[in-house]
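[1] The following block contains a protein sequence and its predicted model.
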Amino acid sequence: MTVALLGSLWRPGLPPGIYEERPAVATRSRVRLDVAALIGLAERGPVNTPVVIDDARQFEAIFGRALPGLQLPLAVRLFFANGGRRCVAVRCVDHVNVRTARLLLPGVKAVRGSSRRQARLAARNPGSWGNRLQVRAQLIQRPVALGFDPVTHAIRIPPDRPAVGATLRLTGRPTSPGAAPRSRCFRVALDATRQPILVPTPTAPFLDAELLTAAVELSLRLDVYLDGRRVETWDDAALHPSHPRFLPRLLGRRAASEALLPPRTDTPDPDAPSAEPDRLWGNADEPWGSDYLRPSALLADAWLLPTKALLAAPTGILLTAAEMPASRHGRDATASTGRQHFFESTAMALDDLVEDSDHRFVAFNARPPALDALAVWDQAHPFEPVALVALPDLLHPTPPEALSLPPALPDELCFGAQCSRGKADTTASALHYPLLGFDADELQACQLALIRHCEALDARLALLDLPPGLRAGDIVQWRHALASPRAALYTPWLRVDADGTAATVPPAGAACGIAAQVENDTGVWGAPANRKVQGAFARADDAGLPDPGFLFEERIDEIRRTERGLMLLGARTTATDRDWTHIPVRRLIDWLKAQLAADLAWAPFEPNDAVLWSAMAGTARRRLKALFNAGALAGRTDTDSYFIRCDASTHTQGDLDAGRAIMQVGVAPAVPAEFIVFRLVRSGADAPRIEVI
């Protein structure tokens, strides 16, 4: 310890006295394995795109309501109710038959050369939810006093405003006595000397000093409504593409929910701007665009000019997507959505691509499968990768019931200058997916596909829902068919409150939350069991469910009624190998592999000699000592709990010639007490990798 006497040696910000000077210690990032991926069906939201969710309200804002027939929203609620910190949600859909709602920008024409057409928009993502969108366009007119030189006939534009690209509306002299004054739109540009000018060049009727003082700058205010509630406002938006606040550019930039949009798989040049429709409107580092609307790509070089109707409407013009022709309405493809859509990449129907090829409203074509898209999150966040995966919508045992919504406010209770709620429905139809009913072979194959995905990555745990209604013999067969150290089966299903309506939801979402909570409270070595299940008021009836002892022996984790409420009382995998019976063992080894690889990230840059081997072993020893002190390992002493070997005995001449440094680590988790051995391999300049022996 170094003690410094501070008297005459005064330091700014510190009073005189005696201080202990501690050297700065570099801290290593700690790996977290509490991020869960929840994949399924949603009312809206980006397709096959991982979206980071930090609370249930954020999920609803991006993916919509918990409509009957949708298990994913309820699973997310259970995840956070039971202690989950962060999840990655992915919406899947039958991308061939789903449709996106199309609508128009009211009161605005898109001018491209000699073409004048109404500006087209679309819902941000597909589904019938877009049919409930409303947009209100309102023209904002600000006075701009322009000067006029009678000698040169030049128009003087103030140097500070308006900005380049601004649209000005000038009033001109009438063509004949008694006729109405003329008006025309011009834009501000720069000439060769970088002086502001008007384009096109104003003609004689507009070159009047008195009339030029009455010029106005035009901008748009766009209000976006969903279910009669204003959800977005885009104010002071420009009409010309050369202006930095061009309205389609503001809307079209990538939405916040699309921050992890995976790269397209059908283009030879992923970096080409044309490969990503959103990149037409800005770079990835620019502010986010609209979460509800997507502009036509044809607006990228179009001048938006107001119609006479918009000029004459001081409160703007409201357009409802439901007023559009039926061919422009969104559809959910509920009748054709099946389990395969959770595992396959997106590929839109050819006729839909042709219809929107110019407008590029279909922005989710040729996306990788939902499970593969999770790699985007893992690459961006190596210290908190997706470690838990659940697919709550794999099975819909019973058809959903209709959903009753509270009535909208009547018009007489709308106190604004003009009511913007529109005509709202008092009920909404449930989303029924008939292809997601009970099919034992197909359901089991899909759960097995999820397990194989986790096994291939060797870094995730599949949390599966045991189908209700199985008898003892069926349960045994089901568990053995899904035997894996990277899978866990949960039962029974739960009854929850879905916005005033009782609903049945699979239990894996709650299990993910409990696992995350236990890791936060204790560590990954803590058993995600003996915890109260929050957010559910009862177990769903399952008369054929065997007794708890049977389920325990079959390694199926049960949620049971106790005097403390509903409790999750199991934390076992479906593995037949006794070493991997317990979930905390599986998660401890996964965490240790990831953490040691992160701790030894410096190793690839060092000479492969005894000095490196000793340093690698020392780093691992400090990490394992901390685990031992925390009670994560069995044994009374360090020697009983773990061993580390990184010396000449762990290397062959071939390893040395190839530049590989190999460290062998054995640990005895608290349950069971047998050693589980793995080794860390540094190969040349590559990052260290872990191999389980």
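    Looks like it arrived, so ask away.

[2] quick check: domain ranges of the chain?
    Using automatic domain parsing, the domain parsing of the chain gives 35-95+369-407+429-580, 102-141+219-331, 145-214, 600-692.

[3] ok now the second one, how far from the chain's centre?
    Same thing as domain 102-141+219-331. 21 Å (Cα atoms, centre = their mean, to the nearest Å).

[4] circling back: which one of the domains of the chain lies nearest to residue 341?
    Of all the domains of the chain, it is domain 35-95+369-407+429-580 that lies closest to residue 341, at 5.0 Å by Cβ to Cβ. (C-beta placed from N, C-alpha, C; glycine too.)

[5] Pull the contacting residues for the residue of the chain positioned farthest from its centre.
    When distances are taken from the C-alpha mean of the chain, residue 177 lies farthest, 62.6 Å away, according to Cα atoms, centre = their mean. Counting by Cβ atoms under 8 Å, 6 or more residues apart in numbering, residue 177 touches no other residue.

[6] Quick one: the strands in the stretch 551-693 of the chain, in order.
    Secondary structure of the stretch 551-693 of the chain, counting by DSSP state E, counting those that start in this stretch: strands at 556-562, 565-568, 642-645, 660-667, 676-683, 689-692.

[7] so what strands line up beside the third one?
    This points to strand 642-645. Sheet partners assigned to strand 642-645 using DSSP bridges are listed as strand 660-667 (antiparallel).

[8] Looking at the partner strand now, give me its mean pLDDT.
    In this model, strand 660-667 has an average pLDDT of 91.

[9] For the stretch 1-150 of the chain, just list every one of the helices.
    In the stretch 1-150 of the chain, the helices defined using DSSP state H, counting those that start in this stretch lie at 56-63, 72-81.

[10] Let's see the shortest one as PDB, backbone CA atoms only.
    Taking only C-alpha atoms (Å, rounded to 0.1, in the frame of the first residue of the first chain), the coordinates of helix 56-63 have been written out as PDB:
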ATOM      1  CA  ALA A  56     -43.500  -5.300 -22.300                       C
ATOM      2  CA  ARG A  57     -44.700  -1.900 -23.300                       C
ATOM      3  CA  GLN A  58     -41.900  -1.500 -25.800                       C
ATOM      4  CA  PHE A  59     -43.000  -4.800 -27.400                       C
ATOM      5  CA  GLU A  60     -46.600  -3.600 -27.700                       C
ATOM      6  CA  ALA A  61     -45.500  -0.300 -29.300                       C
ATOM      7  CA  ILE A  62     -43.500  -2.200 -32.000                       C
ATOM      8  CA  PHE A  63     -45.400  -5.500 -32.500                       C
END
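
[11] Report the buried residues of that helix.
    The neighbour-count check on helix 56-63 (16 or more other Cβ atoms under 10 Å) flags 56, 58-60, 62-63 as buried.

[12] angle of the longest helix seen in the chain against strand 660-667?
    Secondary structure of the chain per DSSP state H: the longest helix is helix 610-629. Here the directions of helix 610-629 and strand 660-667 differ by 20 degrees (axes from the mean of the first three to the mean of the last three Cα atoms, to 10 degrees).

[13] Now do helix 610-629: everything it contacts.
    Contacts for helix 610-629 (Cβ under 8 Å, 6+ apart): 525, 588, 592, 595-596, 599-600, 603, 606, 633, 635, 638, 641-642, 644-648, 661, 663, 665, 667, 680, 682.

[14] So what does the closest residue to residue 261 other than its chain neighbours have for phi and psi?
    Excluding the flanking residues, the one nearest residue 261 by Cβ to Cβ, 6 or more residues apart in numbering is residue 49, at 5.2 Å. When read as degrees, to the nearest 10, the backbone of residue 49 gives phi -130, psi 120.

[15] Could I get the contacting residues of residue 49?
    Residue 49 neighbours (Cβ under 8 Å, 6+ apart): 90-91, 257-258, 260-262, 364, 367, 373.

[16] One more pass at 10 Å, please.
    Residue 49 sits next to 89-91, 125, 255, 257-262, 346, 363-364, 367-368, 370, 373, 376 when contact means Cβ atoms under 10 Å, 6 or more residues apart in numbering.

[17] so how far is residue 654 from it?
    Per Cβ to Cβ, to the nearest Å, residue 49 is found 44 Å from residue 654.

[18] Summarise which helices and strands the helix or strand hosting residue 375 is packed against.
    Take DSSP states H and E as the rule and residue 375 turns out to sit in helix 370-380. Applying 3 or more Cβ pairs under 10 Å, 6 or more residues apart in numbering; DSSP states H and E, we find helix 370-380 packed against strand 35-40, strand 51-53, strand 86-91, strand 386-390, helix 440-457.

[19] Mind putting these into TSV with distance to residue 164, mean neighbour count and mean pLDDT?
    Converted to TSV, the helices and strands packed on helix 370-380 look like this (distance: least, Cβ to Cβ, whole Å; neighbours: other Cβ atoms under 10 Å; pLDDT from 0 to 100):
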stretch	distance to residue 164	mean neighbour count	mean pLDDT
strand 35-40	45	26	98
strand 51-53	37	22	97
strand 86-91	40	26	97
strand 386-390	46	27	98
helix 440-457	51	17	96
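
[20] now these as JSON lines including distance to residue 161?
    As requested, the helices and strands packed on helix 370-380 are exported to JSON lines (distance: least, Cβ to Cβ, whole Å):
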{"stretch": "strand 35-40", "distance to residue 161": "48"}
{"stretch": "strand 51-53", "distance to residue 161": "39"}
{"stretch": "strand 86-91", "distance to residue 161": "44"}
{"stretch": "strand 386-390", "distance to residue 161": "49"}
{"stretch": "helix 440-457", "distance to residue 161": "56"}
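
[21] closest one to residue 583 among those?
    Distance to residue 583, taken as Cβ to Cβ, is lowest for strand 386-390 among the helices and strands packed on helix 370-380, at 10.1 Å.

[22] returning to that earlier point: point out the one among the domains of the chain that comes closest to residue 340.
    Of all those, domain 35-95+369-407+429-580 comes closest under Cβ to Cβ, at 8.0 Å.

[23] measure the closest one end to end?
    21 Å (Cα to Cα, to the nearest Å).

[24] likewise stretch 604-612?
    End-to-end for stretch 604-612, by Cα to Cα: 10 Å.

[25] buried set for that stretch?
    Going by 16+ other Cβ under 10 Å, stretch 604-612 has these buried residues: 604, 608, 612.

[26] what does stretch 222-238 give?
    Of the residues in stretch 222-238, those buried under the neighbour-count criterion (16+ other Cβ under 10 Å) are 222-228, 234, 237-238.

[27] ditto for stretch 296-306
    For stretch 296-306, the neighbour count (16+ other Cβ under 10 Å) marks 296-300, 302-306 as buried.

[28] Repeat that for stretch 472-479.
    In stretch 472-479, counting by 16+ other Cβ under 10 Å, buried: 475-476, 478-479.

[29] Redo the residues you listed as CSV? Include distance to residue 119, secondary structure and pLDDT.
    Output for the buried residues of stretch 472-479, formatted as CSV (distance: Cβ to Cβ, whole Å; DSSP: H, G, I helix; E, B strand; the rest coil; pLDDT from 0 to 100):
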residue, distance to residue 119, secondary structure, pLDDT
475, 58, helix, 93
476, 62, helix, 94
478, 55, helix, 95
479, 57, helix, 94
